[in-house]
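Q: Pasting a predicted model and its sequence here:
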Amino acid sequence: MPPPAPAADPHDMDDVRAAAAGDRMAFQRLYRMHIDRVYGAVYRLAGYDHARAEDLTQEAFVRAWQKLSGFRGDSSFGTWIYRLAVNVALMDIRSRGSDPVTMMDEEHIPDHGETPFCAAERDELERAIGKLPPRARAVLVLHDVEGWRHEEIGAELGMAVGSSKAQLHRARGLLRKVLGERS
């Protein structure tokens, strides 16, 4: 499960205002507060590729710094930066087309946090998700891991709600096939 969104911190808005005025220390505090959740979402969308996830996360925070003056505060900063990072990751998926993801090397298996699964099961699941075609992986991660609705996914990925549901069905079927073959 992704780390929960941090509770609204009254200092967030103070730091947002200060960072928008150029205070790098304020932005550093915002970064430290929100990096784990942002990286986690991007990491899953990037197919568990650490280097790509780090690049995309960095790009998201650079864009946040550049766009901070336009942050209106309609949502929490955490929600805003999370959504911005997901958009960066989805744009990366789009720019790469929909070619299947290459196989992951054993040395690139994700690190583990607290999990209800044993380590071997988690490794196997993460490897299988990482091998999904990018759009199917994006729909699966956004729906099943991040908790997005099909309407939100469809709007974000430029597809009909039915296509989002079909991609989710496809992704789950591919996962069952890959995981069933190893059992």
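A: Cool, the structure landed.
Q: which strands and helices sit next to the helix or strand bottoming out on mean pLDDT in the chain?
A: Within the chain, no helix or strand scores below helix 119-130, which has a mean of 77 by mean pLDDT, DSSP states H and E. Secondary-structure packing of helix 119-130 (3 or more Cβ pairs under 8 Å, 6 or more residues apart in numbering; DSSP states H and E): helix 134-140, helix 161-182. In short, each C-beta sits where N, CA and C put it, glycine included.
Q: Could you tell me the angle between it and helix 161-182?
A: Here helix 119-130 runs at an angle of 140 degrees relative to helix 161-182 (axes from the mean of the first three to the mean of the last three Cα atoms, to 10 degrees).
Q: How far away from the center of its chain is helix 119-130?
A: Helix 119-130 sits 17 Å away from the centroid of its parent chain (Cα atoms, centre = their mean, to the nearest Å).
Q: List the buried residues of that helix.
A: The neighbour-count check on helix 119-130 (16 or more other Cβ atoms under 10 Å) flags 122, 124-130 as buried.
Q: which residues does the residue most central in space within the chain contact?
A: Geometric centre of the chain, nearest residue: Ala41, 2.3 Å, by Cα atoms, centre = their mean. Listed by Cβ atoms under 8 Å, 6 or more residues apart in numbering, the contact partners of Ala41 are 2, 82, 85-86, 89, 141, 146.
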